[in-house]
Each structure stands twice: as structure tokens, then as C-alpha cells.
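Asks: following is a predicted model, sequence given first.
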Amino acid sequence: MENNNFLDLSLVPKELKLILLIINTENNENLRLNKNNIFKDIDWDYFLHLVIHHRVFPIIYTKLKTIQGKVIPPYVMKTLSYEYKSNTIKMLQFSGEMVQISELFTKNKIRLLFLKGPVIAADIYGDISLRTSKDLDILIPSTDIQKAEEILYISGYVREEEPDYNDWKWRNHHVTFNHPQKNIQIEIHWRLHPRPKKVPSFNELWERKRESNLTRHPVFFLGKEDLFLYLIAHGSKHGWFRLRWLVDIDLLVKKFFSLEKSNIQIKKYQQQHLGGQANLFIGQSLILASQLLNTPINKEMQAYTEKKHSKRVAKMSVYYIKEMAHNNIPITKEKLAKKHMDFFLTIKSNLSKSYSINSYRFASKSNLEKLLFIIRLFYPRKADKMALNLPRPFHFLYFPLRPFFWVWRKTRKSNKE
């Protein structure tokens, strides 16, 4: 590929670079032979934070546990081992629930496709313990939503509180249910992506479905091209701020899309999924995967990565990946005191971060989505009402006041950190 390494990784912390190195190392013997060099001067607390944030601890643990010696602190391995075992138990629990839900829906004549969860882990990784999942995502025909809700209610699930009306109207394409006793969350989707993104019909996806070999009861999930296009759109939407999504793409490309004929199938279905945005999302995901994870890109796929817009959005993603990892990092008293001393500098940094993140989100949207995005920026939200509860006759003031509420929340957040 021309200009093979154009992403600027100079500001990426060495702990994140180490994570990428571990993921990219196929032969664990290389890690053992070079352990004294690659694990030198690592902030292990920050390393753990990044590994857990990026949801790649199953892969990192399975690679690091083969390394002997004292280069990795015992508490690091103990934490990774705990997270790995907890995830394995969770994925087994999801597998059992997946079968029960599939049986219930099938019995009630509701067709369903699992979008993620254990079936995807088994399909892509070959082992459900190597991928994490926080819930079960299920796609059903829009005409069966009410029936599905009734089945879940009977099964002990409780629907999450109805979202704010404005958010529902603009963004919603799924509804979330929680089971208080089982501690399991299920998302029922009736579209792969929120409007106005172009998506294939359920019948089209059903015709291309695959049956998982993970369970005895038939469990269906997306065809490989549909899964690839769904995952790249999902990752692009979130700026790839979890490396796990890129690892999915890396393994999918290596497993399914190394042959020319597979790429032809992608072209066949991409217009159904994303319309004009398909080229952007495919190019961006392949650039990031190839330069961060050394994903092999053949000539057919190289055409996607050479587009200027894909390169520009891929560059913006690196900042997104780096900055989003800073959220929820425990702050010591010393760091807190320093933040208060640098209050105005922190505000400036926080606003700059928000600008960069929103710039990425804007650049990755279609023209129609950009228009809706701009309108929505000035459309009042529930948080604005919580900040200032105006009488109903004065609700129109929320529109001109919204920019001030936004800045106020950002500065308030900086003050709390």
C-alpha cells in the first residue's frame, strides 16, 4: 500500500503500544525471548486499565501467562487471570441464556438473529472465552417487537426506563431489557443501525444467515459479509475506542476475506448496509487494522484504503482511541490537587478534546446525518432541563441556552476530575 505507515502514533502511550505488540505477536516464544526489553519501564496500573478498557484482557492473558520470570508483577497476572475467568463464566452464562431465548422466540414464531455474543466469539475467535460481551444483541422483524417484549416480561426481564422522547425520536433502533436475578442484559434490535443509515431488510439478512455450531438448538447469526459490514459500522460509529472491535476485524479478514471472491461478496452487499458510507467505513477499518494490528490487506481491499477521506478519518480515529482510554482512570489526591491548580488549563484541554471527538463523529457521517447532527446539537436535552428547570411557557429558551449548558457541563466535569 502506498504510504504504508502514515498514522501518527507518536503520542500513543508506550503501554498501549505494548498491548498492540502483544496482540500482534503470533509466536509467544518471541515475547519470552525479548521480555527484558519490551516490558521495561511500564506503568503496570495504566497497562491494566488500558487492557480492561479495550476489552482485550482474554487475549493478553493467554499470551502473557506463558512468560516466566519476574518482569511482569504478580498482581498484574492475578488481575488478568481474575478478569479472564470471570469473562469465561459470563460467556457460558450468555450461551445458556442464548439457547433459552432462541427456543422461546422460535416457539412463538419469531425469527431472530444474534448480532454479537457467544456465537460471534466462537465464529471469529474459535473460543468463547477469548472475546468479551456485555449483553446479548438480537435482531428481529419490526412487526414482532410487541410480542418479543411480552415474552421477555414473562421470562423475568424488565425493560429499561423509556428514554427521553427526543433521543427516542432521533436515535433509537433497539430497546434494552435486564434480568435482575440473572444479571443479564438483552438488546432487541429492529434495525442494524439507527436512521438515517441505510440497512438491509430483516428478510435479506435472514436469507444469508448462518447456523452456529456452538449449541445443539439451532441458533442463527449474520452471514460473514453481513457481520463484517455490521461490525465495521459499529466500530466506526464509536471511533474504534475499544481495540477489541479492531481485533474482530483483523480476525475476520484473516479468516474469511483473504480471497478475491470474498471481497466480491462484500461489494455485492455493502450498498444494502451503508450506501455511500460503506467505502469510508471499510477503508477506515482496514487502514487501522493493517497499521495497528498488521492485518494483511490484499489488492482487492487495498482500493478501499487509498481513498483520501478514509485516510483522514483513520487519522482522526487514533486521537479518539487514545483519548477515550483516559476516562474513568482513578485519580490520586496529588493529581487531583494539580488539576485544581491548573483549572483553566484543564477546561481548555477538555473543550479541545470534545471538539476533536465531535469532529471525528461529524467527519464519519453521511451528508444527511451531518445535517441532523447539526440540528441535534442545538436541540434541548433532558440534561438541560436538569440544569435549569424552566416553566413550560419558557421552554423555547432551552434552544438559545443550549450552547451555554454544554460549556457549563464541560467545565463542571473538569472541576470534578
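Replies: Now that the structure is in, tell me what you want to look at. Numbering: from 1, shown residues only.
Asks: tally of neighbours for the closest residue to I266 other than its chain neighbours?
Replies: Excluding its sequence neighbours, the residue lying closest to I266 (C-beta to C-beta, 6 or more residues apart in numbering) is E225, at 5.3 Å. Using the backbone N, CA and C atoms, a C-beta is placed for each residue, glycine as well. Per other C-beta atoms under 10 Å, the neighbour tally for E225 reads 23.
Asks: got the contact list for E225?
Replies: R208, S262, Q265, I266, K268, Y269 (C-beta atoms under 8 Å, 6 or more residues apart in numbering).
Asks: okay, now the first one: neighbour count?
Replies: R208 is flanked by 16 other residues according to other C-beta under 10 Å.
Asks: check whether it really touches F228, as I assumed.
Replies: No: using C-beta atoms under 8 Å, R208 makes no contact with F228, being 11.9 Å away.
Asks: ok, T215 to G96 distance?
Replies: For T215, the distance to G96 (C-beta to C-beta, to the nearest Å) stands at 9 Å.
Asks: more crowded one of these two?
Replies: Taking neighbours as other C-beta under 10 Å, T215 and G96 compare with T215 leading, 17 against 13.
Asks: distance check, the more buried one against I101.
Replies: 11 Å.
Asks: excluding its backbone neighbours, what's nearest S285?
Replies: S285 sits nearest to I232 (C-beta to C-beta, 6+ apart), 4.3 Å away.
Asks: likewise for K35?
Replies: In space, K35 is closest to V71, 4.8 Å off (C-beta to C-beta, 6+ apart).
Asks: just confirm the one you found contacts D41, I think it does.
Replies: No: contact criterion C-beta under 8 Å: V71 and D41 do not qualify, at 11.4 Å.
Asks: comparing those two, which residue is more hemmed in?
Replies: Set V71 next to D41 and count neighbours by other C-beta under 10 Å: V71 wins out with 16 against 5.
Asks: next, give phi and psi for the more buried one.
Replies: Note on V71: backbone dihedrals following degrees, to the nearest 10 are phi -70, psi -30.
Asks: next one: Q68
Replies: Torsion angles, degrees, to the nearest 10, at Q68: phi -100, psi 160.
Asks: now do the contacts for it.
Replies: Taking C-beta under 8 Å, 6+ apart as the test, what Q68 contacts is R32.
Asks: H309: how many residues sit nearby?
Replies: Neighbour tally, H309, other C-beta under 10 Å: 13.
Asks: ignore what I typed, I meant G275.
Replies: Using other C-beta under 10 Å: G275 sits among 15 other residues.
Asks: spatially nearest residue to it, not counting backbone neighbours?
Replies: K198 (4.1 Å).
Asks: so that neighbour touches F281, yeah?
Replies: No: using C-beta under 8 Å as the test, K198 is too far from F281 to be in contact (11.9 Å).
Asks: which one of those two is surrounded by more residues?
Replies: F281 (24 against 17).
Asks: where does that one fall, secondary structure wise?
Replies: helix 277-293 (DSSP states H and E).
Asks: which stretches in the stretch 301-417 of the chain count as helices?
Replies: 308-324, 333-341, 343-363, 367-377, 382-387, 398-416 (DSSP state H, counting those that start in this stretch).
Asks: rank the ones you listed by pLDDT, which is bottom?
Replies: Sorting the helices of the stretch 301-417 of the chain by mean pLDDT places helix 333-341 lowest, at a mean of 43.
Asks: could you give me the average pLDDT of stretch 240-252?
Replies: 95.
Asks: circling back to that earlier point, give me the common contacts of K198 and F281.
Replies: With C-beta under 8 Å, 6+ apart, K198 and F281 have common neighbours L274.
Asks: circling back: sec struct for the residue nearest to S285, please.
Replies: helix (DSSP: H, G, I helix; E, B strand; the rest coil).
Asks: hang on, I59 packs against I23?
Replies: Yes: I59 lies in contact with I23 (C-beta under 8 Å); the separation is 6.1 Å.
Asks: any common contacting residues for the two?
Replies: With C-beta under 8 Å, 6+ apart as the test, I59 and I23 both reach V247.
Asks: strands along the stretch 101-250 of the chain, start to end?
Replies: 113-114, 136-139, 158-159, 174-179, 184-189, 210-211, 220-221 (DSSP state E, counting those that start in this stretch).
Asks: okay if I get the ones you listed as JSON lines plus mean pLDDT?
Replies: Below are these laid out as JSON lines (pLDDT from 0 to 100):
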{"stretch": "strand 113-114", "mean pLDDT": "97"}
{"stretch": "strand 136-139", "mean pLDDT": "96"}
{"stretch": "strand 158-159", "mean pLDDT": "93"}
{"stretch": "strand 174-179", "mean pLDDT": "93"}
{"stretch": "strand 184-189", "mean pLDDT": "95"}
{"stretch": "strand 210-211", "mean pLDDT": "95"}
{"stretch": "strand 220-221", "mean pLDDT": "97"}
